[in-house]
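pasting the sequence and the predicted coordinates here, then a few questions.
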Number of protein chains: 2
Amino acid sequence: MKNTSVDDWAAKVRGGDVRAISRAITAIENHSPEAESLLKELFPCTGQAYLTGITGAPGTGKSTLVDRLAAYHRKQQDRVGVIAVDPTSPYSGGAILGDRIRMQGHAGDAGIFIRSMATRGFLGGLARSTAEVALLLDAAGKRQVLIETVGVGQDEIDIVRLADCVLVVLVPGLGDDIQNMKAGLMEIGDIFVLNKADREGADRLEEQLHAMLSLVMPRDGWHPPVVRTVATENKGIEELAVAVEKFRRHFEAGGQRRQKHVQHWESRLIEMLESRLLEKVLGGKGGEERLHALAEEVAARKKDPFTAVSEILRGAKSVL
Amino acid sequence: MKNTSVDDWAAKVRGGDVRAISRAITAIENHSPEAESLLKELFPCTGQAYLTGITGAPGTGKSTLVDRLAAYHRKQQDRVGVIAVDPTSPYSGGAILGDRIRMQGHAGDAGIFIRSMATRGFLGGLARSTAEVALLLDAAGKRQVLIETVGVGQDEIDIVRLADCVLVVLVPGLGDDIQNMKAGLMEIGDIFVLNKADREGADRLEEQLHAMLSLVMPRDGWHPPVVRTVATENKGIEELAVAVEKFRRHFEAGGQRRQKHVQHWESRLIEMLESRLLEKVLGGKGGEERLHALAEEVAARKKDPFTAVSEILRGAKSVL
């Protein structure tokens, strides 16, 4: 019975049924066991989608850019999935100012699926959830999956590393100098998007970017280009999509896409393992209370944290 | 013999010996077993330091601010430890443009200890290392520990949550609007620092900040103040230190500092547990190779990732 219903659910997801997909995302976010059964079932149908990660500081216009890219892909008759990840909100589960009234222009278009995600639960695991939702959308026939995340931290880097192609978005006038952009972003960017390119300082920023990129070793013969856009006016979007396509062909030709996928799955397996281990060790009934009691002892210096962790680990053997 | 040498090492750390502290930080960064023995030994002497976390977007002048705060505390005869965390550089282990020629003004002052940290190793764990270094500096008699991190991601939030008091730094002109600042930062800030307050737009930013803060529920009767600084000119630093002291007294009086410490130790224990579990399961000889082989099978769709993780977990029982 159970399997029949998972089969049925999986078939609906493959057919692009919006309610089946939404229900699956909720299951993934709640780390429910049925999500795992479903994704296991769907896994062989995945690997068809092209994942583009879009990251950049707050205020760079990522959402608008993603909106325009999505519209472009829809014009090419590609089905599109959008995952907007906001990991900066661990408490409220979303932005506090206004709701995301995103992409109203796509309302009623069944070929596009949009979902916002934020951290949940005391055990975290946002990168894992995002990755699982990307798999799901892949199985649901979305050929273009856009993953947007505000970015400079490790968590965002983990999230965008899921992607086949990473766009780093910059705008003129954010901060004094490009030196403020940290090495991590330079090194994960496959394509740099200079958005709001009609603003003052765009030429100077582009020059600086090129100068900085000339210091970074090209990865597998790819020199990250800089693409200028004005997303609000839909300018440069096609050029950007062309650049992504060029990157895709470059890597497919060189066989590096596979290598990147293996690296990707290494990170993913670590993520999943971490998440699974924690869930087993602390996720059960009374786990949160037990953690709290130990934390109290440690805070009072009655027990050192290493001993506390060893105690939890001793109990863990039986649950694995 | 082993214990004698750890005792000796711990004694030197307690005495503030710079080489002993540096050696301990290296051990912590390498997750070496002797780091654990040392910290276990030192743990009862900790809990004396006041930890201030400083976070904000790139370009807000955090480093200069930390420098000035450190100088202020030195004038008050407090010993100071500074941990500068840059989690955005998972590959190179540091910023690519220039070295941190930080705080040259403090050269030769034994009362201040400064260390930069970045992510290392395939199993991560930066928040854990930062927390352990903070414990170490606490044991080494630094009464003021300043933890600086570039911030918007989950990882930075994990890092600053270590702190007793969190300063969120903003500057006028970074992005169009305060709406770009995400909820996460608003919610972790105990004090907001409006740096570069001599710039155009400072008044408007302060108004917006107050408006936004009025929407956030005060935590335990504390209304986060906004302190204006021009760190490069040493303006507003004393006012900032006074605000931190006020916050400290507010929480000590209400007994909330203890509650915060318990929450802190809950996060810490999870971090440590996660890190310890991964290390046990994959950190041993051949672990990385095994992970790579499984990732290859998954990338080729020969095995689903859930089955791969289950296989690793089955092997894990024996190593716990």
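Sure, I can see it. Numbers count the residues shown, from 1 in each chain, chains lettered A, B, ... in the order given.

could you count how many residues lie near the closest residue in space to A:Asp86 that isn't next to it in sequence?
Distances taken as C-beta to C-beta, 6 or more residues apart in numbering or on different chains place A:Ala118 nearest to A:Asp86, at 5.0 Å, with adjacent residues excluded. Yep, even glycine has a C-beta here, placed from its N, CA and C like the rest. Residues within reach of A:Ala118, counting by other C-beta atoms under 10 Å in any protein chain shown, total 22.

list the buried residues of the helix ranked longest in chain A.
What stands out as the longest helix in chain A, according to DSSP state H, is helix A:256-282. Buried residues in helix A:256-282, counted by 16 or more other C-beta atoms under 10 Å in any protein chain shown: A:257, A:260-262, A:264-282.

and chain B, which of these reach it?
Among the buried residues of helix A:256-282, the residues within reach of chain B (C-beta under 8 Å from any C-beta of the partner chain) are A:261-262, A:264-266, A:268-270, A:272-274, A:276-278, A:280-282.

so what pLDDT did A:Asn3 get?
On pLDDT, A:Asn3 comes in at 60.

do the one 10 residues further on as well
According to the model's per-residue confidence, A:Val13 sits at a pLDDT of 96.

same question for A:Val262.
A:Val262 carries a pLDDT score of 88 in this model.

try A:Leu146
96.

check contacts around the residue of chain A positioned farthest from its centre.
What lies farthest from the middle of chain A is A:Lys302; by C-alpha atoms, centre = their mean that is 40.9 Å. If you count contacts by C-beta atoms under 8 Å, 6 or more residues apart in numbering or on different chains, A:Lys302 has none.

and if you look at the one 10 residues further on?
Applying C-beta under 8 Å, 6+ apart to A:Ile312 gives the contacts A:Val281, A:Leu282, A:Arg290, A:Leu291, A:Leu294, B:Leu269, B:Leu273.

what distance do you get for the nearest residue in space to the last one that is not next to it in sequence to A:Leu282?
Counting by C-beta to C-beta, 6+ apart, B:Leu273 lies nearest to A:Val309, which is 5.4 Å off, once chain neighbours are set aside. Shown here: A:Val309 relative to A:Leu282, a distance of 11 Å by C-beta to C-beta, to the nearest Å.

ok, A:Thr149 touching A:Thr55?
Yes: counting by C-beta atoms under 8 Å, A:Thr149 touches A:Thr55, with 5.3 Å between them.

among the two, which residue is more densely surrounded?
The neighbour comparison of A:Thr149 against A:Thr55 (other C-beta under 10 Å) goes to A:Thr149, with 29 against 25.

beta partners for that one?
For A:Thr149, the beta-bridge assignment (DSSP bridges) gives partners A:Thr55, A:Val85.

so who does it touch?
Residues near A:Thr149 by C-beta under 8 Å, 6+ apart: A:Gly53, A:Ile54, A:Thr55, A:Ala84, A:Val85, A:Asp86, A:Pro87, A:Glu156, A:Ile159, A:Val160.

against A:Glu289, how distant is it?
33 Å.

please apply the same query to A:Ser22.
A:Ser22 sits 33 Å away from A:Glu289, going by C-beta to C-beta.

please apply the same query to A:Phe43.
Counting by C-beta to C-beta, the gap from A:Phe43 to A:Glu289 is 36 Å.

could you give the angle of the strand or helix carrying A:Lys246 to helix A:256-282?
A:Lys246 is part of helix A:237-254 when elements are defined by DSSP states H and E. Orientation note: helix A:237-254 sits at an angle of 90 degrees relative to helix A:256-282 (axes from the mean of the first three to the mean of the last three C-alpha atoms, to 10 degrees).

what about helix A:237-254, distance to the chain center?
Here the centre of helix A:237-254 is set off from its chain's centre by 20 Å, with C-alpha atoms, centre = their mean, to the nearest Å.

pull it out as CSV, backbone CA atoms only.
Below are the C-alpha coordinates for helix A:237-254, written out as CSV (Å, rounded to 0.1, in the frame of the first residue of the first chain):
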residue,chain,number,x,y,z
ILE,A,237,19.5,38.7,-20.2
GLU,A,238,19.8,36.9,-23.5
GLU,A,239,23.6,37.6,-23.5
LEU,A,240,23.7,36.1,-20.0
ALA,A,241,21.8,33.0,-21.0
VAL,A,242,24.1,32.6,-24.0
ALA,A,243,27.1,32.8,-21.7
VAL,A,244,25.6,30.1,-19.5
GLU,A,245,25.0,27.9,-22.5
LYS,A,246,28.6,28.4,-23.7
PHE,A,247,29.9,27.4,-20.2
ARG,A,248,27.7,24.3,-20.3
ARG,A,249,29.1,23.3,-23.7
HIS,A,250,32.6,24.0,-22.6
PHE,A,251,32.3,21.6,-19.7
GLU,A,252,30.3,19.0,-21.5
ALA,A,253,32.9,18.9,-24.3
GLY,A,254,35.8,18.6,-21.8
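
could you pull up phi and psi at A:Lys302?
As for A:Lys302, its main-chain torsions (degrees, to the nearest 10) stand at phi -80, psi -20.

what about the residue lying closest to A:Val171 once chain neighbours are set aside, how many neighbours?
Nearest non-adjacent residue to A:Val171, counting by C-beta to C-beta, 6+ apart: A:Lys196, 4.3 Å away. When neighbours are defined as other C-beta under 10 Å, A:Lys196 has 25 of them.

check which helix or strand covers A:Lys196.
When elements are defined using DSSP H and E, A:Lys196 is found to belong to no helix and no strand.

OK, contacts around it?
Counting by C-beta under 8 Å, 6+ apart, A:Lys196 touches A:Thr60, A:Gly61, A:Val171, A:Pro172, A:Ala202, A:Val230, A:Ala231, A:Thr232.

what sits against A:Arg199?
Counting by C-beta under 8 Å, 6+ apart, A:Arg199 has contacts A:Val171, A:Pro172, A:Gly173.

surely A:Leu38 touches A:Asp7?
No: under the criterion of C-beta under 8 Å, A:Leu38 makes no contact with A:Asp7, lying 9.6 Å away.

neighbour count winner among those two?
Per other C-beta under 10 Å, whichever of A:Leu38 and A:Asp7 has more neighbours is A:Leu38, with 25 against 13.

what's the angle from the helix or strand containing that one to helix A:256-282?
Applying DSSP H and E as the criterion places A:Leu38 in helix A:33-42. Orientation of helix A:33-42 against helix A:256-282 (the same axes, to 10 degrees) gives an angle of 160 degrees.

off-centre distance for helix A:33-42?
Counting by C-alpha atoms, centre = their mean, helix A:33-42 comes out at 20 Å from the chain centroid.

so where's the stretch 201-320 of chain A uncertain?
Residue ranges of the stretch 201-320 of chain A with pLDDT under 70: A:216-217, A:254-255, A:317-320.

out of everything not next to it in sequence, what's closest to A:Pro172?
A:Pro172 sits nearest to A:Gly201 (C-beta to C-beta, 6+ apart), 3.5 Å away.

just to check, that neighbour is in contact with A:Glu207?
No: using C-beta under 8 Å, A:Gly201 is not in contact with A:Glu207; the gap is 10.4 Å.

on that earlier part again, which of the contacts of A:Arg199 lies closest to chain B?
Closest approach between the contacts of A:Arg199 and chain B, by C-beta to the nearest C-beta: A:Gly173, at 7.4 Å.

now do the contacts for the closest one.
A:Arg199, A:Glu200, A:Gly201, B:Gly173.

how about a cut-off of 7 Å?
A:Arg199, A:Gly201 (C-beta atoms under 7 Å, 6 or more residues apart in numbering or on different chains).

secondary structure class for it?
coil (DSSP: H, G, I helix; E, B strand; the rest coil).
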